[in-house]
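**Q** Below: sequence and its predicted model.
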Amino acid sequence: MKRHASIAMLGVLFSGILAACGAPTGGTTAATSAPATAATSAPSTAATAAPATAATMAPSTDATAAPSAGGSGEVIKIVSSLPRTGSSKGQTDTIVNAIQQRLAEANNQVCDGQFTLEYEDMDDATAAAGKWDAAQEASNANSAAADEDVMVYIGTFNSGAAQISIPILNQAGLVMISPANTYPGLTKPGKGDEGEPEKYFPTGKPNYTRVVPADDLQGAAAANFAQSIDITKVYILDDTELYGKGIADVFEATATEIGIEVVGRDSIDGKAADYRALAAKILDAAPDMVYYGGITQNNAGQLWKDIRGEGFEGAMMGPDGIAETAFLEAAGDAAEGTYTTFGGLPGDQLEGAGAEWYASYTAEFGTVEPYTSYGYEAANVAIAAIESVCQKDRAAILDAVFATKDFEGILGTWSFDENGDTSLTAMSVSQVKGDAFEFIEVTE
Amino acid sequence: MASEAVGSNFQKRVIPWRTIARVALVVFFVLFLAVPLFNILVQMVTNPQLLLRQLLIGLTNGAYIALIALGYTLVYGIVELINFAHGEVYMIGAFFSLTLVGLFSLSDETPYATRIPLMLLILVLTMLATALLNAAIERFAYRRLRNAPRLAPLISAIGVSFVLQNVGLLWGYLRFPAFNGVMGSNAVAPKSYPQLIPNDNLLAPLEGVFGEAFRLRFTTKDLVVIVVSATLLIALYTFVQRTKIGKAMRATAQDRDASALMGIDVNRTITLAFLLGGALAGAAGMLVGMYNGTVVYTLGFTAGLRSFTAAVLGGIGNILGAMLGGLLIGLISALSDQYISTEWTNAVVFGILVIILVLRPNGLLGEDVQQKA
């Protein structure tokens, strides 16, 4: 009888362990099986074979598992490292789709078939954290650095994660193209903390670029917009992360400069059960607007519910970190009327080549999230750089990416400056209406 | 004290821990509490409404923290085991009740005539489910380790808590049409709990009496949380103090062997403690789900930490202590959020815990329980 009980207990423990492992891998297989079907138009099977083995993430197994490059020459690998588990998955699914879409358009070939492109979709989030995880991002960066076929690293999604992987990839001489990092200090001297961005580049030569404008522009645009809708008193919150605190600081500085009174500033604990006491404190300070610098995954939904539940009737605003469907779901009715800024244009506002891309993306995959087009553009600029050098050489490709000038992509015609920042500056403001974000205006 | 047993030659080398603790206490008090306490006194005069509102928030949060803390204390009192899985039982309770809410397709538009009976039914079912879950945990994970070294059941408890956390994670995948979409579209993301209790201000009529300046809030939600928590707390206290089975529980807590000799079925009594603790956790899960409006699989960890702290603060093993500890933690958190800073709330709560444990190692109402090896 006692033995039975112990066996049963072991069974429970094992099922628990399986559950623990099952959740993240389940997510990964789901993520990779979708792209596999998306890329069926490609002539080479190598491209679809690679993502299937990607889940192991060990460079050595990848090297042995992907020899099927066939007669189409050498393999160049592009990897992406994005939070693929947790509520960011909704948005990163669309980014991965867009990258796959761009690769499929190139038939997974560059330089007239001299190289075959392979793509690996890495996950920098863990189920336990529910969002990006520093250890996971470091492990992704290390495995990409060690894999000699990897020539381009698309990522990261969260600025805090970029802080971890930039130094690792810098020493490997591997170029990074981020579709979504907006913390200014990653590229701009004097806009972040002391020693930024030099401290991220141990070799002294930058390897980090981003196709999205940084928060020194976005935070300022948000404050300017607030002034334009007659906000005079604002309460500022942040989620203590590099990204969230960074943009809240910029917002605060700009607001003070243009004469909006900052009636309070608090950092929230992203794991707290509720924010009711904070909400009462905010109401007492009587602001016209609450600005939250942070991401959905740090409990933004609960924050919104508690502030609205306490009877706050003013405006609420947040940056691109909450401009995603996951936020609407987490906050429910409390999200109604929320303003969000975004360092770029929503997909449906793009013109020319962008509008064509939007039509073909929605036809193939359905709705877009704010960063979908930036995922496409990151892959776009990567392929263009590889095409321009036609060498399997990290240093050459790195230089080619930084040399991007007057690039005609789907976001418009733009260039990278010497820091790796895009020359684009258009910002957009949207508002939650019903169950969707509705575009309001473009600000510069 | 080990230091006193050491020979007098070594007296001078002994580190004066008590003095260090007292100095640390004074420093902590001056750094963290003196200014806010002064602030609170000033606010009492200048902005009494805000202070009152924060006290009400603290009271409501404290009420449900106390409910969870009771589960820790009941179990610890009887088997001297910190049931780390308790927070997770509470989380499962929240998920279970949310699933039933979806199954019965309750929403904020369901008429009260059907909504209230169904909510009560869900409450009872949830309490039943978590009570059985907690008892099952005891049966399979702790009972065989009852006479093992004390670390063994503790590790086992941590193991169970991981298992349950992953069950909560997998629960998010239960997106069956029958559940009416309560699980959202993403398994890992927080789930939205429909607002079944209205959030209207019960004190609104007073606004007519006192005019515009009156802004105090006390909502139906707050009232329901306090009433349900208080009812359950009183019921439990009466049960343990006044009934024969309660007497058996207290006897088992005092001396397991002697009570077995007196004809008390120790196994049954322990199971009962787990059943009661689980039921309270389930009730708290449903209450907090409705109160905060969000359910997520990591819910148990943070709530468990707070409630365990509350139980220790009040004196673990002591039922009144758990209630007092819960209320204190709720009040301190609310006041710290308001008058210090939300970033420092955890530091303040645990700082106060350290001070109280230095001065009263058994907690506020803790008795001198003999240490069992």
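**A** Alright, I've got the coordinates.
**Q** Now stretch A:355-365: buried residues?
**A** For stretch A:355-365, the buried set under the neighbour-count rule, 16 or more other Cβ atoms under 10 Å in any protein chain shown, comprises A:Trp357, A:Tyr358, A:Tyr361, A:Phe365. For glycine as for every other residue, the C-beta is placed from the backbone atoms N, C-alpha and C.
**Q** Okay, and the second one sits in which element?
**A** Going back to what we said before, that points to A:Tyr358. helix A:353-365 (DSSP states H and E).
**Q** Ok, A:Thr413 next?
**A** According to DSSP H and E, A:Thr413 maps onto strand A:412-414.
**Q** could you give the mean pLDDT of that strand?
**A** The pLDDT scores in strand A:412-414 average 91.
**Q** What pairs with that strand, parallel or antiparallel?
**A** Paired strands of strand A:412-414, with direction, are strand A:407-409 (antiparallel) (DSSP bridges).
**Q** which residues are in contact with the partner strand?
**A** Outside strand A:407-409, the residues that touch it by Cβ atoms under 8 Å, 6 or more residues apart in numbering or on different chains are A:Ala353, A:Glu377, A:Asn380, A:Val381, A:Ala384, A:Thr413, A:Trp414, A:Ser415.
**Q** Contact residues of the stretch 1-150 of chain B facing chain A?
**A** B:47, B:50, B:53-54, B:57-58, B:60-61, B:139-141, B:143-144 (Cβ under 8 Å from any Cβ of the partner chain).
**Q** Tabulate those (TSV), appending pLDDT and secondary structure.
**A** Shown next, in TSV, are the residues of the stretch 1-150 of chain B next to chain A (pLDDT from 0 to 100; DSSP: H, G, I helix; E, B strand; the rest coil):
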residue	pLDDT	secondary structure
B:Asn47	84	coil
B:Leu50	88	helix
B:Arg53	90	helix
B:Gln54	91	helix
B:Ile57	93	helix
B:Gly58	94	helix
B:Thr60	94	helix
B:Asn61	93	helix
B:Arg139	93	helix
B:Phe140	92	helix
B:Ala141	92	helix
B:Arg143	91	helix
B:Arg144	91	helix
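**Q** The residue of the stretch 101-250 of chain B found nearest chain A: neighbouring residues, count only.
**A** Nearest residue of the stretch 101-250 of chain B to chain A: B:Val163, at 3.1 Å (Cβ to the nearest Cβ). B:Val163 has 22 neighbouring residues, counting by other Cβ atoms under 10 Å in any protein chain shown.
**Q** so what does the helix or strand hosting A:Phe251 touch, helix or strand wise?
**A** Assigned by DSSP H and E, A:Phe251 falls within helix A:242-257. The helices and strands touching helix A:242-257, judged by 3 or more Cβ pairs under 8 Å, 6 or more residues apart in numbering or on different chains; DSSP states H and E, are helix A:159-171, helix A:215-228, strand A:233-238, strand A:261-267, strand A:289-293.
**Q** what separates it from the chain centre, distance-wise?
**A** How far helix A:242-257 lies from its chain's middle: 20 Å, per Cα atoms, centre = their mean, to the nearest Å.
**Q** ok, and the most crowded of the contacts of strand A:407-409?
**A** A:Glu377 leads the contacts of strand A:407-409 on contacts (other Cβ under 10 Å) with 29 neighbours.
**Q** on that earlier part again, which one among the contacts of strand A:407-409 gets closest to B:Gly293?
**A** Nearest to B:Gly293 out of the contacts of strand A:407-409 is A:Glu377 (Cβ to Cβ; 37.5 Å).
**Q** correct me, but the closest one touches A:Ile410?
**A** Yes: between A:Glu377 and A:Ile410 there is a contact at 5.9 Å, judged by Cβ atoms under 8 Å.
**Q** And the strands in the stretch 251-373 of chain B?
**A** Under the criterion DSSP state E, counting those that start in this stretch, strands of the stretch 251-373 of chain B are mapped to B:294-295.
**Q** Could you list the residues of it in contact with chain A?
**A** B:288, B:291-294, B:296, B:298-299, B:301-303, B:306, B:333-335, B:337-338, B:341-343, B:345-346.
**Q** what sits against residue 329?
**A** Assuming you mean chain A. Contacts of A:Glu329 (Cβ under 8 Å, 6+ apart): A:Ser87, A:Gly301, B:Gly184, B:Ser185, B:Asn186, B:Ala189, B:Ser192.
**Q** was after chain B, sorry
**A** Contacts for B:Ile329 (Cβ under 8 Å, 6+ apart) come out as B:Gly62, B:Ile65, B:Arg306, B:Thr309, B:Ala310, B:Leu313, B:Val349.
**Q** Rebuild these as TSV, extending it with distance to A:Ala172, neighbour count and pLDDT.
**A** Shown next, in TSV, are those (distance: Cβ to Cβ, whole Å; neighbours: other Cβ atoms under 10 Å in any protein chain shown; pLDDT from 0 to 100):
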residue	distance to A:Ala172	neighbour count	pLDDT
B:Gly62	53	27	94
B:Ile65	49	30	94
B:Arg306	44	25	90
B:Thr309	45	22	92
B:Ala310	49	31	93
B:Leu313	51	27	92
B:Val349	44	19	89
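**Q** Now flag whichever of those residues is closest to chain A.
**A** Nearest to chain A, judged by Cβ to the nearest Cβ, of the contacts of B:Ile329 is B:Arg306 at 7.6 Å.
**Q** what residues are up against that closest one?
**A** So B:Arg306 contacts A:Ala273, B:Ile65, B:Ile68, B:Ile329, B:Ser333, B:Val349 (Cβ under 8 Å, 6+ apart).
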